[in-house]
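1. Sharing a model prediction with you, sequence too.
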Amino acid sequence: MSIVWMLIYVAVAVWLIWWVLREAKKLDVGHGDHAHDGSHTEQEAGSPPGADDLTRIKGIGAVIAARLRKLGITSYEQVAGLGDTDIEKINAELNFKGRIEREQWIQQAQEFLSKGH
């Protein structure tokens with residue numbers, strides 16, 4: 001009987017690890033938490049022509065950038081001009097309340113615009 005319980009524990013542990021990794025990927029963990037040196041000039045894959053590389057904003061990784069594109073947000077100018085209503089809509093749509101403010105996306109986008117990026 002103890003072998004059966006051990007197999008159950010192993011199965012549950014494997015499932016739990018799989019689930020955590022899947023959720024981490026959904027949350028875009030580890031992407032966008034790095035500082036950019038401004039040398040990245042490639043256009044992000046899947047972006048419309050003329051779109052800015054939103055992954056240069058700390059806190060926006062490839063997954064979040066793709067989700068923002070689906071909401072029609074493709075430029076630093078759009079991020080810099082987000083109002084309270086826009087922020088609430090994005091927070092609700094992407095399910096991460098307060099992240100835009102906490103990671104200062106608007107200020108970062110304004111900095112990129114002022115530097116001509």
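-> Okay, I see it. Keep in mind it's a predicted model, so treat the numbers as computed, not measured.

2. Name the helix or strand for residue 4, please.
-> For residue 4, the element it lies in under DSSP states H and E is helix 2-26.

3. Show me what that helix packs onto, helices and strands only.
-> For helix 2-26, there is no helix or strand it packs on, judged by 3 or more CB pairs under 8 Å, 6 or more residues apart in numbering; DSSP states H and E. The way it works is simple: take the backbone N, C-alpha and C, and place the C-beta from them, glycine included.

4. what inclination does the very next helix or strand once past that helix have with respect to helix 2-26?
-> Sequence order places helix 62-70 as the next helix or strand after helix 2-26, per DSSP H and E. Counting by axes from the mean of the first three to the mean of the last three CA atoms, to 10 degrees, helix 62-70 lies at 50 degrees to helix 2-26.

5. Go ahead and produce CSV holding the CA coordinates of helix 62-70.
-> C-alpha atoms of helix 62-70 as CSV (Å, rounded to 0.1, in the frame of the first residue of the first chain):
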residue,chain,number,x,y,z
ALA,A,62,6.6,39.2,-25.5
VAL,A,63,3.4,37.8,-24.2
ILE,A,64,2.1,41.0,-22.7
ALA,A,65,3.2,43.0,-25.8
ALA,A,66,1.2,40.6,-28.0
ARG,A,67,-1.9,41.0,-25.7
LEU,A,68,-1.5,44.7,-25.9
ARG,A,69,-1.4,44.6,-29.7
LYS,A,70,-4.7,42.7,-29.6
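
6. any low-confidence regions in the protein?
-> For the chain, the stretches flagged by pLDDT under 70 are 24-49, 117.

7. Quick check, central residue of it?
-> Among the residues of the chain, the one closest to the centroid is residue 64, at 3.1 Å (CA atoms, centre = their mean).

8. Thought residue 94 was touching that residue, still the case?
-> Yes. The criterion here is CB atoms under 8 Å, and residue 64 meets it with residue 94 at 6.9 Å.
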